[in-house]
Structure formats: structure tokens, C-alpha cells
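Chemist: this is a predicted model, with the sequence first.
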Amino acid sequence: MTTFAELAAAHCTPLRGAEHQLSPERVADLLGLLPGGWRLIDDGPAIEKTFRFPDYHRTMAYVNALAFIAHAEDHHPDLGVHYDRCVVRFSTHDVGGLSINDFIGAAKAEALLQR
């Protein structure tokens, strides 16, 4: 996948095992495809972004829509839900790091705001 649109259109597949971990170079390439604000968290490793909203209602609408997509993709982010923001963090525990599924999920999280 070489574009944001391709990531957003892709679907997650079950992955298990360290052989599915992305290299640091591939992580950097994929991170560059995502809109601004996504950052690499080394303690996971994980990728994370804070999405801001004008009020609680819009925050919860986003959280619920993202939860629906995550359920359909069977790849679930960690969420920090607050009144006016949602912190979204993706990592693939079954591979012990970052996988392509994390970037697909991040692209889908972004695409929700473009609708």
C-alpha cells in the first residue's frame, strides 16, 4: 500500500507472531502516509493521535463510529475518551509491535473525519 486511500480502503487480517512486525523503515513510510498528528510511541511500540472535538456529543459520536469500524475489522485501538477529545492508540499485541493492521486502523480513524 502506497497511498492513504489504499490504507483506508484495505481490511485488517488476523496476524500472530513476530514475523508480522513492521521494520522501522516501513513504519516511517506508513506514518508519512497518515495525516498530521500521528506519532510513534516507543513504549509499545504504538502509533497515537489525539482527535479534538467541540463538545462531548461529537466526541462520543466519533468514538462510537470508530468502535463500530474496529469491531468490523477485528482490530481494536486503545481509546482515551475525554469531554472534547479522544486519544487513539494502535498496536498489534499478537505480533509484539506494529503491524500493517495498525496503519489500516489509523487510516480508517482519519477517514471518519473526512466523511
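Modeler: It's in.

Chemist: going forward, measure contacts and count neighbours with C-alpha atoms only.
Modeler: OK.

Chemist: pLDDT on stretch 20-31, on average?
Modeler: Stretch 20-31 shows a mean pLDDT of 95.

Chemist: start at 8 instead
Modeler: With 8 as the first residue, the last one maps to stretch 27-38.

Chemist: keeping just the C-alphas, turn that stretch into PDB.
Modeler: The C-alpha coordinates for stretch 27-38 follow below in PDB (Å, rounded to 0.1, in the frame of the first residue of the first chain):
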ATOM      1  CA  HIS A  27       4.500  -9.700  11.100                       C
ATOM      2  CA  GLN A  28       6.200  -6.800  12.900                       C
ATOM      3  CA  LEU A  29       7.000  -3.900  10.600                       C
ATOM      4  CA  SER A  30      10.600  -2.700  10.200                       C
ATOM      5  CA  PRO A  31      11.400   0.800  11.500                       C
ATOM      6  CA  GLU A  32      11.800   1.900   7.800                       C
ATOM      7  CA  ARG A  33       8.300   0.600   6.900                       C
ATOM      8  CA  VAL A  34       6.800   2.200  10.000                       C
ATOM      9  CA  ALA A  35       8.300   5.600   9.000                       C
ATOM     10  CA  ASP A  36       7.000   5.200   5.400                       C
ATOM     11  CA  LEU A  37       3.500   4.300   6.600                       C
ATOM     12  CA  LEU A  38       3.500   7.100   9.200                       C
END
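
Chemist: run through who's touching it.
Modeler: Stretch 27-38 has contacts (CA atoms under 8 Å, 6 or more residues apart in numbering) with 9, 45, 46, 102, 103, 104, 105, 106, 107, 110.

Chemist: for those, work out which two are farthest apart.
Modeler: With CA to CA as the measure, no two of the contacts of stretch 27-38 lie farther apart than 9 and 103, at 23.7 Å.

Chemist: any weak-confidence spans in the protein?
Modeler: Along the chain, segments meeting pLDDT under 70 span 8, 122.

Chemist: contacts for the helix or strand residue 13 falls within, please.
Modeler: Taking DSSP states H and E as the definition, residue 13 sits inside helix 11-16. Here helix 11-16 makes contact (CA under 8 Å, 6+ apart) with 8, 40, 41, 110, 111, 112, 114, 115, 118.

Chemist: thank you kindly, that will do.
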